[in-house]
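S.K.: Just need the structure, nothing else, for what follows:
(chains A and B)
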Amino acid sequence: MSSRHDWTVLTTLLLTVLLVYVVAPQQAASQTFNVGQPVTPAAVKDWGVNISPSGDGLPAGGATAIEGRRIYQQRCARCHGINGTEGPDSVLVGGQGSLASEVASKTVGSYWPLATTLWDYINRAMPFDQPGVLAADEVYGSVAYVLYLNGIIDESERMDAMTVPKLQMPNRNGFVPDPRPDVD
Amino acid sequence: MVLQTRRGFLKLGAILGPTFAALQPSVLFGQLQDAARTLGHGVSAYGARSRFETVVRLLRDSRHSEASSSQTPLQDLHGTITPSALHFERHHAGVPNIDPSTHRLLIHGLVERPLEFSLDDLKRLPTVSRIYSLECSGNSRTLWGEAGATTAQSTHGMTSCSEWVGIPLSLLLQEVGVRPEATWLVAEGADASRLNRSLPLTKALDNTLVAFGQNGEALRPAQGYPLRLFVPGWEGNISVKWLRRIELVDQPYMTREETSKYTDLLPDGNARQFTFVMEAKSVITHPSGGQQLSSLGSHQIEGIAWSGRGRVDRVEVSTNGGEDWHRAELQTPILPLAHTRFRFNWTWDGRETVLQSRCIDETGYTQPTRDALIAARGLQSGYHNNAIQSWKVAADGTVENVYV
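M.R.: Residues are numbered from 1 along each chain as shown, chains lettered A, B, ... in the order given. A predicted model of the protein is given here:
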């Protein structure tokens, strides 16, 4: 009986040692305070997307500039102009070749390195006074139309999750890392 | 009749004659004023400043006040802490009205366990409080252009300093368990532009906070209520306000705020990207643009200095347009990544001159001249103008912004 008891004590001891020194530190590395609610991948989707340069996050759907023209004229032109050049808000079109001049014009066409950024930004922030009203196809349509106005794509090129990340923007190689301190 | 202003005495002096006027001030100030013969108002639930204090932020003229900025009246502040109501603002889609009971922070992406935190959850964790300044990378942007008759508020007012209270982001990242592939994160706000920016994981783990407190109370709505990211020493735009979501990712996402905006265009047509650090800078706030020296003789030159790379090591002041430099006295404690106040006793001889200050930080970096900055970056880089500021004192005592 007593040897059996000893064995139990020993096992318990061993188990405790195992738990405290082997399992516990692992747990510490995982969660220390146990606050916060776990979220399922499905629920994460409701929070909206960030679009990566390789297109992660881009939804299904798509549109051409022909389809996007109506959206742009209804939803964007009153602030950015029918041609994207006349404002009154940010100029979206033109300026290619001007960046190295004394009157650089930074627009989607002349300055933006990636089209994924355009999809991400319009989707989250435009129209300025009604963010979030555009359906995914309408975002694709506005992206296509702004790129078409800039002469980057044809009227009939379809913008979708495959084509947007692959687009070669004119200023894609125009960004350099921070070398500062550069003056002292 | 009680006279409180200097000009009032002068008027009285003119009526009563010079000899009598000389005696007037002490006699009148010595008498009890009306306020001491009338009961004051009782206690109040939330304090307001004296009605004689009227200093305010300067609002930038803009087509949309929701995508605009306001500037801190640096020349009228005391010490180093900016009152929350005077902290500069820069919004891209207005100040949202958020009910903290329904606000959540989601951390997801390349993590072991995506988690959602309420404000109550966060407040159960060990908090830290830190005094840090925050500077918009567009601060002093107008100083790339023509010198105008401007004030320290309009030239430098997009820097402010507060005590921030929150949770180290590293602690929250430990809770969710960052996967080894993660190298950056994308932070997103709950404003109408859901402003998003990429932050390197190294900085997130270093000294970045998720803050809910500012100067002893909850964040002001304009500063991100109820929750903001605070990235010390780095350009203000990356300290995402109204923080709702952090996604762990394996590369910078090249958001609009780090491509179209907040990049520095060079004369060769290339633009610098991820220019995060706000380098050492200082400005004399007295005497500064728009002010007037009332008399010859002793004056206190005062100002603030800071560096996004650490502590201010010293501040030097020139009272002759940069020919000679003198070491200013620094107000202690000198905290890293925060405003430091400096003072220098100056005797004005009544002649026109130019006042300047330059900050040298603990890394040995010296605040550059405007010419040196332009030589390195041209005139169209827009952001990160930390040039030495020059104030011209004219013979009549008026002060204005000049380039020397």
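S.K.: Run through the residues that contact the one residue in the stretch 301-404 of chain B that gets nearest to chain A.
M.R.: Going by C-beta to the nearest C-beta, chain A is nearest to residue B:368 of the stretch 301-404 of chain B, at 4.2 Å. All C-beta spots, glycine's among them, are computed from the backbone N, C-alpha and C. Contacts for residue B:368 (C-beta atoms under 8 Å, 6 or more residues apart in numbering or on different chains) come out as A:183, A:184, B:386, B:387, B:388.
S.K.: Tell me the spacing between the second one and residue B:386.
M.R.: Spelled out, that is residue A:184. 11 Å (C-beta to C-beta, to the nearest Å).
S.K.: that older thread, host element of the residue of the stretch 301-404 of chain B closest to chain A?
M.R.: For residue B:368, there is no enclosing helix or strand under DSSP states H and E.
S.K.: buried set for stretch B:341-359?
M.R.: B:341-344, B:346, B:348, B:353-359 (16 or more other C-beta atoms under 10 Å in any protein chain shown).
S.K.: One more: stretch B:390-402?
M.R.: Per 16+ other C-beta under 10 Å, stretch B:390-402 contains these buried residues: B:390, B:391, B:392, B:393, B:397, B:399, B:400, B:401.
S.K.: so what's the most centrally placed residue in chain B up against?
M.R.: Nearest residue to the geometric centre of chain B (C-alpha atoms, centre = their mean): residue B:159, 1.7 Å. By C-beta under 8 Å, 6+ apart, the contact list for residue B:159 reads B:72, B:74, B:88, B:133, B:134, B:135, B:136, B:139, B:281, B:304, B:306, B:339.
S.K.: ok, the residue lying closest to the fifth one once chain neighbours are set aside to residue B:304 distance?
M.R.: Closest residue in space to residue B:134, ignoring its immediate chain neighbours: residue B:236 at 5.1 Å, by C-beta to C-beta, 6 or more residues apart in numbering or on different chains. Using C-beta to C-beta, one gets 16 Å for the distance from residue B:236 to residue B:304.
S.K.: Check residue B:131 too.
M.R.: 13 Å.
S.K.: tell me, what's touching these two both at once?
M.R.: residue B:80.
S.K.: If you count surrounding residues, which of those two has more?
M.R.: residue B:304 (29 against 18; other C-beta atoms under 10 Å in any protein chain shown).
S.K.: average model confidence for whichever strand or helix holds residue B:204?
M.R.: If you go by DSSP H and E, residue B:204 is part of helix B:201-206. Averaged across helix B:201-206, pLDDT comes to 98.
S.K.: Quick check: buried residues in it?
M.R.: B:201, B:203, B:204.
S.K.: With distance to residue A:101 added, can I get those in TSV?
M.R.: Output for the buried residues of helix B:201-206, formatted as TSV (distance: C-beta to C-beta, whole Å):
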residue	distance to residue A:101
B:201	38
B:203	35
B:204	38
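S.K.: now, which of those sits nearest chain A?
M.R.: residue B:203 (13.0 Å).
S.K.: Can you lay out the contacts of residue B:368 as TSV showing secondary structure, neighbour count and distance to residue B:232?
M.R.: Shown next, in TSV, are these (DSSP: H, G, I helix; E, B strand; the rest coil; neighbours: other C-beta atoms under 10 Å in any protein chain shown; distance: C-beta to C-beta, whole Å):
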residue	secondary structure	neighbour count	distance to residue B:232
A:183	coil	19	23
A:184	coil	14	22
B:386	coil	26	17
B:387	coil	21	23
B:388	coil	23	24
